[in-house]
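Enquirer: Predicted model and sequence below, questions to follow.
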Number of protein chains: 2
Amino acid sequence: MLEKTSNKKLSDFLDRFGGALQARDIETAASLFHDDCYWRDLVIFTWNIKTMEGRDDIRDMLTNQLDVTKPLGWAIAEGEDAVETDGLLEGWIRFETEVARGFGHIRLKDGRIWTLLTTMVELKGHEEPAGSTRPLGIPDRPEKGGRTWKEERDAEAAELGHSKQPYCLIIGGGQGAIGLGARLKQLGVPTIIVEKNERAGDSWRKRYKSLCLHDPVWYDHMPYLPFPANWPVFSPKDKIGDWLEMYAKVMELNYWGSTEAKSAAYDEEKGEWTVLVDRAGEKITLRPKQLVFATGMASKPIVPNLPGRDLFKGDQHHSSRHPGPEGYAGKRAVVIGSNTSAHDICAALWAAGADVTMVQRSATHVVRSEPLTELATGVLYSERALAAGITTEKADLISASVPYRLMPEFQKPVYDKIRALDAGFYAALDQAGFLLDWGEDESGLFMKYMRRGSGYYIDVGASRMIIDGKIKLKVGQVDHLTEQSVVLADRTELPADLVVYATGYGSMNGWVADLVSNEVADRVGRVWGLGSGTAKDPGPWEGEPRNMWKPTQQPGLWFHGGNLHQSRHNSHFLALQLKARMEGIQTPVYGLQEVHHLS
Amino acid sequence: MLEKTSNKKLSDFLDRFGGALQARDIETAASLFHDDCYWRDLVIFTWNIKTMEGRDDIRDMLTNQLDVTKPLGWAIAEGEDAVETDGLLEGWIRFETEVARGFGHIRLKDGRIWTLLTTMVELKGHEEPAGSTRPLGIPDRPEKGGRTWKEERDAEAAELGHSKQPYCLIIGGGQGAIGLGARLKQLGVPTIIVEKNERAGDSWRKRYKSLCLHDPVWYDHMPYLPFPANWPVFSPKDKIGDWLEMYAKVMELNYWGSTEAKSAAYDEEKGEWTVLVDRAGEKITLRPKQLVFATGMASKPIVPNLPGRDLFKGDQHHSSRHPGPEGYAGKRAVVIGSNTSAHDICAALWAAGADVTMVQRSATHVVRSEPLTELATGVLYSERALAAGITTEKADLISASVPYRLMPEFQKPVYDKIRALDAGFYAALDQAGFLLDWGEDESGLFMKYMRRGSGYYIDVGASRMIIDGKIKLKVGQVDHLTEQSVVLADRTELPADLVVYATGYGSMNGWVADLVSNEVADRVGRVWGLGSGTAKDPGPWEGEPRNMWKPTQQPGLWFHGGNLHQSRHNSHFLALQLKARMEGIQTPVYGLQEVHHLS
C-alpha cells in the first residue's frame, strides 16, 4: 500500500519532468529541481561524464543538449518500487533518447529533485548479443567454404593490425584494458590491446609476492564473468593474474603481449593515430581512430632525486620494481614511504627475516581491512548485500548515484564509526609514533583515493608489526644517502643494504608525454583527482575525476583505469562512447573539461 | 491463499512421513506411498544412486538403511511453495540425516507419494567453503615463514604424487574429470587428474573441426563457474577446449597433461591402488585409495573387422581419429555409420569439396536442433526457463526427480510434437531413402542416449544435405573392402579414397580391462544403459545407468562421465561419496548393482 503511494508519487513526478523535457520547456524542467541539486550524467545526455551542480548548470546543459537528446518515456524501472524515508523519495528509473536506452536513479526532497543519475544502457540498434540474443555458435547451414569458430578467430587474429586496422588501440594490458576490451568485443569494435609483458596478468604476477587485492571480491568482478563463489575474499596477485589471462582468452580479445608502444602521433585531418609498436621484435605501424591509455592510474613511478643516490652501494628501487623479500634475510632494509606498498613490502621483508625500518614522511590514513570491508564496501558489495538483492550492477549504480560534491558527507560517518570501533588500535599506532590522519575533512579512505590516489593503508597486518616494533618506524624527511645508509633531516643515520622508494606515482598524462609529445600531454593535462583543493588535489572543483573515461582536450585520446570496481563500471560508458563514434552516431560533448594543471 | 492450502497439505504430509521415519515405523512410512510409487535416492539414504520401485523395494531399503540414516526435519524447502495441479501435489523439500543435509522433491497422488527424490546436499562438518565462508586469501597476520597463495599452490603441485599421495586419481581429463576435480578440490580431497593429451581441452581440440556441442549452453555449465551470457548457444569445440583449460587452472586442479596410465592393481588388504603412470617420459607410481575412470562414456572406439581392411589403399580411420576434411577436397569419401559423428563428418567433407557417401546400416533417430532445443532441453534449460526462475541447479533436480521407469512416458509427447511439427522434413528424409526411427517405444532421443548412447543425430544441417543429395546415401551392410572401394552386401561398389568408421564405441569397462585386468573388467561388468530390454540395452531392468557415479563391484573403482549436464549434476554426488570415504564416515551401500553383462 505504502509502496503504491510512493510509486504513484514518483510516477506523477516523472510524468511532469518527462513532459517538460519533451516540450523542451527548460524552465519548468529546471524548476522541478531543488535549490540544492545535482544531475550526474553518464554519457546519455552529455556524451561526457559530468555532474551538473545547481539549477544554472542544469539549465545550461539542457539548453545545449536537449534538442539532440530528445528524451522520453520516463518511468519507474520495471520490477522496482519507489521508496520513501524521512521525506526522501527515491527510485530507479528508465527512459530513452533518440539513440539510446537509459537507466537512472532519482532522489526527491520536498517533492523536487535533489540528485538525479542518468546513464546510458545501450545504443539502439547496437545492443550487445547476450542471453537470448547470444550467437548460435554454428552456422545455420554448413556451407562450402564456411569457416569454423576457430578459423574465424585465427583469421581475425592474423588480419587485425596487419591487413585490417583496429578502430581502437588500448595501451597497457591490465585489468582495466582487459575489461574494456571485453566490452568493445561485445560491441563489435575491432580492438587491439598492447602490453609490454609477455602474458596477460603479468603486471600482477611481477609485483612483490605478498600482494593481494585490498578490496574484497564482491567489489572486484570483471564484466560478464563474475568470480565464482569459492574465490577468496582478497585475491592473491598470482591468482588474479591467472584469472585475467584466462579472461582475455575466453573473451577472445586481440591481446598482444610482449608488445611495446614506441610512439604515437595524431593526424587531425584524418582523425587517426599512427602508432608504432614493437611486437616481440617486429615493428608494426597501427592506425587506430581511438587511442586509450590504460597504463594504470598509479603506474608512472616517482623516485625522489635524493642526494647521494648514486653513492649508495646497496640495492635501491622503486616499490613497483621491488622483487620481493627473497635474498634480504638478515639484511637491513629501509623503506621510504608509509602508504600501501610501503606497508606490504615492510611486512614481507620482516617475515623473510630482514631488519626493516619504515620512514614515514607525512601522516597516513590507516584503516583495518575488517571494519572497512564490513562498514564501507560491505554495505553494497558483500554476501549480505547480495542477499538483500543488491547485485554488483545495482551496487555500481548506487555508488554512481551520489555526486562527488556530496560524497564526503556520505563517507564521514563510516570513518567516525571505524575510529570509535578501533580506538585501541589507533591509540597503539599513535603510541608507536605513527602519524595518523583521516583526510583533511576526515572523510576517510575513498575520498583520499578519489582526490589523490594515495595517502592511505588498508591494514592487513603490517600496522600490528609497527605497534609491536617488528617493523621499526622513523618519522621525518630523508636528507641524503651515503654509501651504506639513509640519513634523515634530523641526522638520524639508518644503515641500509636495501632502500625501497615507496614514493608513489605521477599523473597518467606522463605516459602521453613519453609516447606522443609533451605538447599533447600538456593539452590534456593532469589525470585523476576531483579538484577538491585538498593536499595533492588542487582546485578548481571539477566534480568528476579529471580526464577519466570521457573525452579529453585531445580528440581520439582517452584514459581508462581505476580499481576493479571503477574499471568494470566505467568501461561500460567508455565502450559506448567509442562504439557511438565508430558508428557515426552524433556525439555532441557537453562541458568538455578545461585544463588547470599540467601534471 | 491457494498456495497456503497446498503448503499446509504438504507440510502435514511431511510431518506424518517424517514422524513415521523418526519412529522407525517402516510399515506406516511405506503405507504413505501410492501403489504406483518410486523413491529415487542420490546417496543420502542408500550411499548409492538407486531408484526403489514399489512399496516392497522401499520397505526393504528402509529396513536396511533407516537405523543408520536417522532422517529428521522434513519440511518444505525455504522459499518454496507446494503446487497442486490436477490432483497432483508437488514441492521441494528439505530434511537432514545424522551426517548430512538433504534436499529433494515430492509428488503426491491422491494424498500418497507417487515419486520421491532425496539427494545429499552436503556432509555436516564438511561444507564447501563458498560465499560467506569462502577463504580469506591472505593470512590474517603475515608471519615469519608464512606462505603466499602461489607458494602454497606450487608446493602442493610439487608434492602431490611424489612425497604426498593423492586420495583420488582420475583417469582421463575431459570435462567430466575437470568438473569432478573442481568439486573434490572444494571438498579438500587431494586429487590428481591424468590426461594423455598435453593440455586440458585437447580432447575437444583434436576432434574434427566442425564439431560443436549439440546441447545448448544452458544445459552445459560446469560446476561453480557458469558460462557468461555472451557464450554461444552451441559451443564450438575449440572454444570449449579453451574454457576447460582455463577452468582447470583457475580451479587450481592438479592436472597432469601428457600423462598416460599404464597399469593399475588394487590391494584389497590396504584398500589402495598402485597405478603406474608415464608423465611426459617420467615413470611415476601413484597410490590412491580411489580410482575414477573418466575416460568418456563413448571413447573406446569400435572398428568393425571388415574383410579387406588390410587391402584398402586409401586412408581409413575411426571417426574419433578423423583429422577433419582438409586434404580430402576432390577425393571420394565413404563414411560408414549414420549417427552424430557420421553426419558431422559427412557435412564437413562435403563443405571442403569431397565426394561423400554415407552408408546407413540401420535406422537412425533424427531430430532437428531447433525444435529439440525449444521443446525438449529448452523447457528446463533456456533463457525462458531462467526467466521463470528455473536455475541450472533447479533444472538438474527437476530432471532428477523423474524416475527412469517413468521417463519414456514423460518424453514421448515431446517427440510426438516434433514429428508433427517437422512432418515435411521427415517426409523429405524418408523420400531420400534415409531410414528413420524414434526409439523402439517412440520415446525419442534422450531415452536412446540413456539406454545405448547411440542411434541418433541432432540435425544441424547435414540432413538437409542428404535430402538435397549433396551427401549421397546408401542403405545396407558393408560386405568387404577392396584396394580402392567399399563393397556393400548388395554388391554395390563405392569407390573410395577415404573410409571413415563412424561405428561407435564400446563399454567403458573396456578401459578397465586395458588398465587393470580382464578379471576386474568382468567383475564390474557393462557400463551405461538402463537394462531397458531395447536394442543394445539388454535387460534385466536396472533403474539407473549401470556403474555410473556410484559404487561398483570393485571396491575403490568408479566411473564418471556423461554429457555436460550429467557430469555437472552427478559429479556432486560422486564427490560426496569419495569425501565421506576419505573422512571415514560410515557409508553402508544399499543395493549394490549386480552384473548381468560383461560388456
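Expert: Perfect, I can see it now.
Enquirer: What about the closest residue to chain B within the stretch 401-550 of chain A, how many residues nearby?
Expert: Closest approach between the stretch 401-550 of chain A and chain B, counting by CB to the nearest CB: A:G461, at 4.6 Å. C-beta: built from backbone N, CA, C; applies to glycine. The number of residues packed near A:G461 is 20, by other CB atoms under 10 Å in any protein chain shown.
Enquirer: Isn't it up against A:A347?
Expert: Yes - with contact defined as CB atoms under 8 Å, A:G461 counts as touching A:A347 (5.9 Å).
Enquirer: Give me the pLDDT for A:K206.
Expert: For A:K206, the pLDDT comes out at 89.
Enquirer: Ok, A:G87 next?
Expert: Note on A:G87: pLDDT of 89.
Enquirer: How about the one 4 residues further on?
Expert: We have a pLDDT of 98 for A:G91.
Enquirer: That one should be in a strand, yeah?
Expert: Yes - according to DSSP: H, G, I helix; E, B strand; the rest coil, A:G91 belongs to a strand.
Enquirer: Not counting sequence-adjacent ones, nearest residue to it?
Expert: A:A82 (3.7 Å; CB to CB, 6 or more residues apart in numbering or on different chains).
Enquirer: so the one you found sits right up against A:F13, yeah?
Expert: No - using CB under 8 Å, A:A82 is not in contact with A:F13, being 9.3 Å away.
Enquirer: List, one by one, the residues from the stretch 301-450 of chain A near chain B.
Expert: A:A347, A:A348, A:W350, A:A351, A:A352, A:G353, A:E383, A:R384 (CB under 8 Å from any CB of the partner chain).
Enquirer: Quick one: residues contacting the fifth one.
Expert: Going by CB atoms under 8 Å, 6 or more residues apart in numbering or on different chains, A:A352 touches A:P325, A:E326, A:Y328, A:A329, B:K144.
Enquirer: Filter those residues down to the buried ones.
Expert: A:P325, A:Y328 (16 or more other CB atoms under 10 Å in any protein chain shown).
Enquirer: Filter the contacts of A:A352 down to just the ones in helices.
Expert: Taking DSSP state H, every one of those sits outside helices.
Enquirer: Export only the CA atoms of the longest strand seen in chain A, formatted as CSV.
Expert: As assigned by DSSP state E, the longest strand anywhere in chain A is strand A:112-123. In CSV, the C-alpha atoms belonging to strand A:112-123 read as follows (Å, rounded to 0.1, in the frame of the first residue of the first chain):
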residue,chain,number,x,y,z
ARG,A,112,11.8,18.2,-6.1
ILE,A,113,15.0,16.6,-7.4
TRP,A,114,17.9,16.5,-5.0
THR,A,115,20.0,14.1,-7.0
LEU,A,116,19.5,12.6,-10.5
LEU,A,117,21.6,10.0,-12.1
THR,A,118,21.2,9.3,-15.8
THR,A,119,23.2,6.6,-17.5
MET,A,120,23.3,5.1,-21.0
VAL,A,121,22.4,1.4,-21.0
GLU,A,122,22.8,0.7,-24.7
LEU,A,123,22.7,2.2,-28.1
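Enquirer: Isn't A:K150 up against B:P236?
Expert: Yes - contact criterion CB under 8 Å: A:K150 and B:P236 qualify, at 6.7 Å.
Enquirer: between those two, who's got more neighbours?
Expert: Between A:K150 and B:P236, counted using other CB under 10 Å, the more crowded position is B:P236 (24 against 16).
Enquirer: Before we move on, what's the pLDDT of the closest residue to the more buried one other than its chain neighbours?
Expert: Distances taken as CB to CB, 6+ apart put A:W149 closest to B:P236, at 3.4 Å, once the chain neighbours are dropped. With respect to pLDDT, A:W149 has a value of 90.
Enquirer: Same check on A:A298?
Expert: Predicted confidence (pLDDT) for A:A298: 68.
Enquirer: and what of the one 10 residues further on?
Expert: The pLDDT attached to A:G308 in the predicted structure is 96.
Enquirer: what does A:M548 give?
Expert: 97.
Enquirer: That one: how many residues sit nearby?
Expert: The number of residues packed near A:M548 is 22, by other CB under 10 Å.
Enquirer: what about the residue in the stretch 1-150 of chain A positioned nearest to chain B, how many neighbours?
Expert: Proximity to chain B, evaluated over the stretch 1-150 of chain A using CB to the nearest CB, is greatest for A:G137 at 2.9 Å. Neighbourhood size, A:G137 [other CB under 10 Å]: 19.
Enquirer: What of the one 10 residues further on?
Expert: One way to gauge burial is a neighbour count; for A:R147, by other CB under 10 Å, it gives 14.
Enquirer: Show the contacting residues for it.
Expert: A:A155.
Enquirer: Toward the C-terminus from the lowest-mean-pLDDT helix or strand in chain A, list the very next helix or strand.
Expert: None of the helices or strands of chain A scores lower by mean pLDDT, DSSP states H and E than strand A:300-301, at a mean of 86. For strand A:300-301, the succeeding helix or strand toward the C-terminus, using DSSP states H and E, is strand A:315-318.
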